[in-house]
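Asks: need a structure here:
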Amino acid sequence: MKKIILFFIILIFIVSCNNLFNNQNKILIKGQISSAAKIKGSRVKSETPYTLADATKVLVYFGFHDNAIVDIVNGSFSTTAQIGKAAALVFLTSDNKYIGNFQNRGLSMLPLGNLSNGDQTVIDLSTLTLIGTNVIPTHDPFGHEIKITDDEINSLKELDGFFESLAKNIDTDNDGILDVLGKKQLFIISHFAIEAGHWGMNNSPANLKDSSQISIGYAIDIFGDSGFDQDYSVMTLTGPQENPYQKITTEFINSHQMNSGFFSRFFVLDGQTVVNQPFRKGIYTLDIEGKKYTFGFSNIDANKNLVIAVPTLKTNSQGKLTSFTLEYKLPNGKIINPENILTDIMIQIGGSDNGKVLFESPWLSTYKTGGNSVLGIYSYTLPSPVDISGLNSIVIGYNDMLGNRYDTWWH
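Replies: Modelled structure (predicted):
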């Protein structure tokens, strides 16, 4: 259990910059549908099943505010995608009925962080086959065009709740029309607050807590697209339908944030304390001033596969902070490459004087160009040395490719 105030201390960097990737070159993703692909996919709520041959378009989904619909022409499609993001492919009929979505090795999207040929990479999925509602590629790009390890795949699998539930989440108001067409899409992510251990200093390594001792708090953040065009003061979240919580409460509701209609954060309570457990899998209902929206949420427990950014501070002869380095580990201490998982990261160093911020870095990006990171995610040198004599906490905030948010606390 955690006190509410401990779980959600307001941070300056609570929402990341969404413009890091706006000017990047894009790569090509393509595939084709065999005319013989007649394996039927089962529809949600026992609706009429379709075959992949019924697909006439692909909804390419990269995250909030970033998607496109491309046509399937003569059995083939192609689309562009930005490096450093995750791309989900949803196959639709001519009247926008859901058929299925891309899945490979249990992952419901393509992580585009570490590519074999940089921005010249072409991902050809080759012939696609529908099994259930999973659209499976003949060519597996993992380990080929997409340089990714099994540990990285497993970490992403634990975290892709929104993408796994796209069948439900593309029409949350249940009116039969894709939410994206009316800019009424909801984007649901997990928010983790992690107490990880003690930072490193110069030649003294950081001390990451044993995996059984790491404390993780959980929340759900919900963004509403710009079609939610009014100020909202009342929102309630209930669920999951199969085994509902007694109380889910919201910390705040902000309307018209980040070019969206609203942003709100929810967490489960037991009395007056936050339940220190992941949200249960299932169908949830968001009531916005009497209007109901339902969505699937499938993030389970990220405790074993959570990526933790581990900081080490570097000081000069006067003991002032000059730079820091970051290493990325799983809770079991195993080092992991973050480039297929994270998009951006920021570090905030706090003092003992009423939470005074001693230093806050810019957002550091994982995006590479010519083999070099644009801003760097492994090390950062401060513009000028900072007095850290009152240092008592470090909070590292970062976002993964799936939109999930992490705030990692070091003491």
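
Asks: Hmm, residue 216 and residue 190 touching each other?
Replies: No. Between residue 190 and residue 216 there is no contact under C-beta atoms under 8 Å: 10.4 Å. For glycine as for every other residue, the C-beta is placed from the backbone atoms N, C-alpha and C.

Asks: if I look at residue 88, how far off is residue 285?
Replies: Remark: distance between residue 88 and residue 285 (C-beta to C-beta, to the nearest Å) = 23 Å.

Asks: ok, these two, which is more surrounded?
Replies: Neighbour tally, residue 88 and residue 285, criterion other C-beta atoms under 10 Å: the higher count belongs to residue 88, 23 against 16.

Asks: Okay, and the beta partners of that one?
Replies: Counting by DSSP bridges, residue 88 is bridged to residue 61.

Asks: what's near enough to touch it?
Replies: Counting by C-beta atoms under 8 Å, 6 or more residues apart in numbering, residue 88 touches 60-62, 101-102, 108-110, 163, 166.

Asks: Out of those, name the ones that lie in strands.
Replies: Counted as lying in strands by DSSP state E, out of the contacts of residue 88, are 60-62, 101-102, 110.

Asks: just those now: which is nearest residue 398?
Replies: The closest of the ones in strands among the contacts of residue 88 to residue 398 turns out to be residue 62 (C-beta to C-beta; 18.1 Å).

Asks: unless I'm mixing things up, the closest one is touching residue 81, no?
Replies: Yes. Residue 62 lies in contact with residue 81 (C-beta under 8 Å); the separation is 6.8 Å.

Asks: Pull up the overlap in contacts between the two.
Replies: Residues touching both residue 62 and residue 81 (C-beta under 8 Å, 6+ apart): residue 87.

Asks: Surely residue 327 touches residue 334?
Replies: No. Look at residue 327 against residue 334 with C-beta under 8 Å: they stay out of range, at 11.1 Å.

Asks: Neighbour count: these two, which is higher?
Replies: With neighbours defined as other C-beta under 10 Å, residue 327 and residue 334 compare such that residue 327 has more, 17 against 9.

Asks: is the more buried one in a bridge, and if so with what?
Replies: residue 310.

Asks: how much space between it and residue 206?
Replies: 8 Å.

Asks: Next, show the common contact partners of these two.
Replies: With C-beta under 8 Å, 6+ apart, residue 327 and residue 206 have common neighbours 310, 312.

Asks: Distance from the chain centre to the longest helix anywhere in the chain, please.
Replies: In the chain, assigned by DSSP state H, the helix with the most residues is helix 150-159. Offset of helix 150-159 from its chain centre (C-alpha atoms, centre = their mean, to the nearest Å): 12 Å.

Asks: Stretch 196-215 now?
Replies: 24 Å.

Asks: Now do it, average pLDDT.
Replies: Mean pLDDT, computed over stretch 196-215, is 91.

Asks: same check, this time on stretch 276-285
Replies: 89.

Asks: I am finished for the moment; much appreciated.
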